[in-house]
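> any chance you could fold what I've pasted below:
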Amino acid sequence: MKVSIFASLFLAAGAAAFAPAASTSRLSVVLKGTANELGIPCEDECALESFPNLPPSVHPGVLSGQAQMDLLQHAKENGYAIPAVNCVSSSGINACLEAARKNDAPIIIQFSSGGSQFYGGKGLDNSNYAAAIAGAVSGAFHVRTMAEQYGVPVILHTDHCAKKLLPWIDGLLAASERYYEQHGEPLFSSHMIDLSEEPIEENIEICKNYMERMSKIGLLLEMELGITGGEEDGVDNTDVALEDLYSKPEEIYQVYEELEKVSPMYTIAAAFGNVHGVYKPGNVKLEPEILNRAQGYISEKIGDKAPEDKKPVMFVFHGGSGSDVSDIQNAIDYGVIKMNIDTDTQWSYWEGIKNFEAKYHDYLQGQIGNPEGDDKPNKKYYDPRECMRAAEVTTVERLGQAYADLKCQNILGLPQMADAENVLGPRRGGLPV
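Predicted structure coming up:
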């Protein structure tokens, strides 16, 4: 009898519900994990209950609820930020996971609406954001499956969601709610709602409404306050008024005061001159001191309720690509626990392909015929796995730089990642990439 994958997931979840009680907190996560449900081997790092250097709730795979909060709090207390990378393919996701394991660190993998649509396929109709919803859900299952195999903690996030894109988030929330009913955790970790172009009162009210729904299943909300300049994924803020690129402490406190009434599970993407994209030095004027002033202002307002470090807010750094390292690390000192990096990783992926083409140019001009002979086949050169792997390698290298800039290396406490074995599989004569 043929059983659909959804039926298999349901049966596996049912079997887990009747499993013997566990003496460890991690076992319940393992029983509900993707590897267990699909019968995928889960050994070594994959089977860890927790990490040597992190809170016990933080485990390999996708985090949500308290585990996610514990990781972010650990970042704030220990002075590092986690790179957040926009992905549009399984290849890009795998590069992020590989980079995380090589740097012994967590990773935030995120999808934009346009990236989600691409993941679902540009040949799929996107009326009512159907393709974007399906693509993000598909990507989420890929991340859930592979994050455990790489043995790293992952926050699974969605990026900028403007007002017109709210139906996309509604679809993803519905998917997380269905997932929660079976697994006790949401499909995603967090979502960003970007209503920075709306009046602040409307921004806060809509975000609070979404937080009420999200908090019931352990989802975190990232809220944008102030506008990130530049252009990304079809959103063009290149002509925005200069004052809108810098948030005011009073505005940040207003957001803090209102969101705290609903749930502590939120982060704030405040504007301190952030701009999407990469520009010549001097074109972008970042002022991370804005974040420091806001932390002090809010701490003074809340008095005895302020945390010991006087950093009541977890901030997010948008437009991190191309930023000066001193600005990045000052922002971390002021409470930034996440930095978005998209433009630089887009370039690194392309650079791998560009360099591959340059190296093997004469072997990539036809299926047969190259400098070794007119009758020599070129299949192993134009096999898409070759140039895509080259792109992954350069992306892993670029993320290594980001991890260093963010002071986010050797966080988990795992030994150095072992070299992969049998990487060419059953293929013969493949290129060593």
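> name the element E258 belongs to?
Using DSSP states H and E, E258 sits within helix 249-259.
> quick one: buried residues of that helix?
Along helix 249-259, these residues count as buried under the neighbour rule (16 or more other C-beta atoms under 10 Å): 249, 251-256, 258-259. C-beta: built from backbone N, CA, C; applies to glycine.
> okay, these in JSON lines with pLDDT next?
Putting these into JSON lines (pLDDT from 0 to 100) gives the following:
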{"residue": "P249", "pLDDT": "93"}
{"residue": "E251", "pLDDT": "94"}
{"residue": "I252", "pLDDT": "95"}
{"residue": "Y253", "pLDDT": "97"}
{"residue": "Q254", "pLDDT": "97"}
{"residue": "V255", "pLDDT": "96"}
{"residue": "Y256", "pLDDT": "97"}
{"residue": "E258", "pLDDT": "97"}
{"residue": "L259", "pLDDT": "97"}
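> just to revisit the earlier point, report the distance from the very next helix or strand once past the helix holding E258 to the chain centre.
Sequence order places strand 266-270 as the next helix or strand after helix 249-259, per DSSP H and E. Here strand 266-270 shows a centroid-to-chain-centroid distance of 15 Å under the convention C-alpha atoms, centre = their mean, to the nearest Å.
> between helix 249-259 and strand 266-270, find me the angle.
With axes from the mean of the first three to the mean of the last three C-alpha atoms, to 10 degrees as the basis, strand 266-270 and helix 249-259 are set at 160 degrees to each other.
> ok so, going back, which one of the buried residues of helix 249-259 is nearest to A418?
Each of these was checked against A418 using C-beta to C-beta; the closest is L259, at 42.9 Å.
> dump the residue contacts of the nearest residue to the closest one once chain neighbours are set aside.
By the measure of C-beta to C-beta, 6 or more residues apart in numbering, the closest residue to L259 outside its immediate chain neighbours is Y266, 4.9 Å from it. With contacts taken as C-beta atoms under 8 Å, 6 or more residues apart in numbering, Y266 has the following neighbours: 211, 220-223, 259, 314.
> same thing but at 10 Å, please
Residues counted as contacts of Y266 (C-beta atoms under 10 Å, 6 or more residues apart in numbering) are 190, 207-208, 211, 214-215, 220-223, 255-256, 259-260, 313-314.
> what about G373, how many neighbours?
G373 has 9 neighbouring residues, counting by other C-beta atoms under 10 Å.
> er, E201 actually
Should you count by other C-beta under 10 Å, E201 turns out to have 10 residues around it.
> tell me the helix or strand right after the helix or strand encompassing it.
E201 belongs to helix 200-215 when assigned by DSSP H and E. Going down the chain from helix 200-215, the next helix or strand is strand 220-225, by DSSP H and E.
> pairing partners for that following strand, with directions?
Strand 220-225 sits in its sheet next to strand 190-193 (parallel), strand 266-270 (parallel), going by DSSP bridges.
> only C-alpha atoms, please: export the last one in PDB.
Backbone C-alpha positions of strand 266-270 (Å, rounded to 0.1, in the frame of the first residue of the first chain) are rendered in PDB as follows:
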ATOM      1  CA  TYR A 266      10.100  40.000  20.200                       C
ATOM      2  CA  THR A 267      13.100  41.800  18.700                       C
ATOM      3  CA  ILE A 268      13.300  45.300  17.300                       C
ATOM      4  CA  ALA A 269      14.900  46.300  14.000                       C
ATOM      5  CA  ALA A 270      15.500  49.900  14.800                       C
END
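> that strand vs helix 200-215, what angle?
With the same axes, to 10 degrees defining the directions, strand 266-270 sits at 150 degrees from helix 200-215.
> now do strand 266-270, average pLDDT.
Averaged across strand 266-270, the pLDDT comes to 96.
> any idea how far G151 is from L48?
Distance from L48 to G151, counting by C-beta to C-beta, to the nearest Å: 6 Å.
> one more: L173?
29 Å.
> and those two? Which one has more around it.
The residue with more neighbours, out of L173 and G151 and counting by other C-beta under 10 Å, is G151; that gives 23 against 20.
> now for the more buried one: which residues touch it?
When contacts are counted by C-beta under 10 Å, 6+ apart, G151 touches 42-48, 51, 59-61, 97, 100-101, 412, 414, 417.
> coming back round to it: let me have the strands paired with strand 220-225 in CSV, extended by distance to E177.
Shown next, in CSV, are these (distance: least, C-beta to C-beta, whole Å):
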stretch, distance to E177
strand 190-193, 13
strand 266-270, 19
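> do you know which of the ones you listed lies nearest E386?
strand 190-193 (35.0 Å).
> check which residues of the closest one are buried.
Neighbour-count burial for strand 190-193, counted by 16+ other C-beta under 10 Å, picks out 190-193.
> pull the most distant pair out of those.
Among these, the pair separated by the greatest distance (C-beta to C-beta) is S190 and I193, at 10.4 Å.
> between those two, what contacts are shared?
Contact with both S190 and I193 is made by residues 158, 214, 221-222, according to C-beta under 10 Å, 6+ apart.
> Q117 is in what secondary structure piece?
helix 113-120.
> hey, C-alpha coordinates of the next helix or strand along the chain from that helix in PDB?
Following the chain from helix 113-120 toward its C-terminal end, the next helix or strand by DSSP H and E is helix 130-150. Listed next in PDB are the C-alpha coordinates belonging to helix 130-150 (Å, rounded to 0.1, in the frame of the first residue of the first chain):
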ATOM      1  CA  ALA A 130       0.200  30.900  -3.000                       C
ATOM      2  CA  ALA A 131       3.600  30.200  -4.500                       C
ATOM      3  CA  ALA A 132       5.400  32.200  -1.800                       C
ATOM      4  CA  ILE A 133       3.500  30.400   1.000                       C
ATOM      5  CA  ALA A 134       4.200  27.000  -0.500                       C
ATOM      6  CA  GLY A 135       7.900  27.800  -1.200                       C
ATOM      7  CA  ALA A 136       8.500  29.000   2.300                       C
ATOM      8  CA  VAL A 137       6.900  25.900   3.800                       C
ATOM      9  CA  SER A 138       8.900  23.700   1.500                       C
ATOM     10  CA  GLY A 139      12.100  25.600   2.500                       C
ATOM     11  CA  ALA A 140      11.200  25.200   6.200                       C
ATOM     12  CA  PHE A 141      10.900  21.500   5.900                       C
ATOM     13  CA  HIS A 142      14.300  21.400   4.100                       C
ATOM     14  CA  VAL A 143      15.900  23.400   6.900                       C
ATOM     15  CA  ARG A 144      14.300  21.200   9.600                       C
ATOM     16  CA  THR A 145      15.500  18.000   7.900                       C
ATOM     17  CA  MET A 146      19.100  19.200   7.300                       C
ATOM     18  CA  ALA A 147      19.800  21.300  10.400                       C
ATOM     19  CA  GLU A 148      19.700  18.200  12.600                       C
ATOM     20  CA  GLN A 149      22.100  16.500  10.300                       C
ATOM     21  CA  TYR A 150      24.600  19.300  10.500                       C
END
